[in-house]
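*Asks:* Sequence first, predicted coordinates after that:
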Amino acid sequence: MADDVVVALDVGGTGIKCALVDAAGQVRHSERRATGRERGSEAVVTTILEITEGLVRTAERTGLRPEGIGIVVPGVVDEAAGVATWSANVGFRDVPLRQLVTERIGLPTALGHDVRVGGLAEARLGAGRGYRHVLFVAIGTGIAAAHVVDGTAFAGAHGAAGELGHVVIRPGGPACGCGLRGCLEAIASAAAVSRRYAERSPAGTPTGADRVAALAAAGDPTAAGVWGEAIDALADGLLTGLTLFDPEAVVVGGGLAEAGDALLNPLGAALRERLRFQREPALMRAALGDEAGCLGAGLIARDALNGVPA
């Protein structure tokens, strides 16, 4: 019914995006709150519970009927068990978040992974709509991917599928936070682009990845070098993704996608040069921006209500 909504939370390392989403995928109310991860994982769980309760009250106060809850978190997530297995960004380790929320709020709850549900939202509602096989690649502080087929995102046997950022593409290259060297994330994430430019620029001035792209386009040789290396690394990483998953469409989201054509045009050309037997996919920028996580949380909540398995 038109007044039925689900509560959707997208929990990040810094902030929590919250919404009430109706059955048509329309956001009826939205908020943003601080995660407060510096207070520890138990405090973050308490914050999630309090925000969820508040959204339920807001729905009821405005004549909406809350039916279920969808929560997405970063890291490794066991969707079937409803457990946040591990997340460095918010300090979670084996947190039974679905159970905790269900017991506190009394509504059916679904738990998902931030990039997978972002990919789900882009495939069903955003740039990937109309394609059966979509590879969503989020390039921000890190790099991760989601493989979505017929509107279903696959988590893998242990909830860790899609860690494209930790494919080693430059053996012996820069150190990665995972402990390996030469991972895609260590060269081509937005954080890596910013860091590598600061290391090489004469002034050592930190700047955002979108600014590095603009400087590269303006002829700054240091920025051009860093940006070119990132494009080449991304093309190698995407080639791995194409070889493994054979998608019809690749949707690029995250902070680096804000560079728009400065990213997609050279990336498409570099990828095209590498293709052998692989078929060239449609390559496009994500359409939903930072709403994708909340909309995806709403989708998994609705799926759970409809009996769709995690």
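*Replies:* All right, it came through fine.

*Asks:* what about Cys18, which helix or strand?
*Replies:* Element membership of Cys18 [criterion: DSSP states H and E] is strand 15-22.

*Asks:* Centre of the chain to that strand, how far?
*Replies:* 15 Å (CA atoms, centre = their mean, to the nearest Å).

*Asks:* Partner strands of that strand, with direction?
*Replies:* strand 4-11 (antiparallel), strand 27-34 (antiparallel) (DSSP bridges).

*Asks:* So which of those is nearest Leu234?
*Replies:* Taking CB to CB, strand 4-11 is the member of the strands paired with strand 15-22 nearest to Leu234, at 24.5 Å. (C-beta placed from N, C-alpha, C; glycine too.)

*Asks:* what's the spacing between the residue most central in space within the chain and Val5?
*Replies:* Centroid check for the chain by CA atoms, centre = their mean gives Val115 as the closest residue, at 2.8 Å. Going from Val115 to Val5 by CB to CB, to the nearest Å gives 24 Å.

*Asks:* Let me know the average pLDDT across stretch 50-64.
*Replies:* Looking at stretch 50-64 alone, the average pLDDT works out to 96.

*Asks:* correction: stretch 143-152
*Replies:* Stretch 143-152 comes out at a mean pLDDT of 96.

*Asks:* export it as CSV, just CAs?
*Replies:* Extracted C-alpha coordinates of stretch 143-152, given in CSV (Å, rounded to 0.1, in the frame of the first residue of the first chain):
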residue,chain,number,x,y,z
ILE,A,143,37.5,-0.3,-4.1
ALA,A,144,34.9,-3.1,-4.1
ALA,A,145,32.4,-4.6,-6.5
ALA,A,146,29.1,-6.2,-6.7
HIS,A,147,28.0,-8.8,-9.3
VAL,A,148,24.2,-8.5,-9.8
VAL,A,149,22.3,-10.9,-12.0
ASP,A,150,18.6,-10.6,-12.6
GLY,A,151,18.4,-8.2,-9.7
THR,A,152,20.2,-10.4,-7.2
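
*Asks:* Next, the buried residues of that stretch.
*Replies:* Residues of stretch 143-152 classed as buried by neighbour count (16 or more other CB atoms under 10 Å): 143-149.
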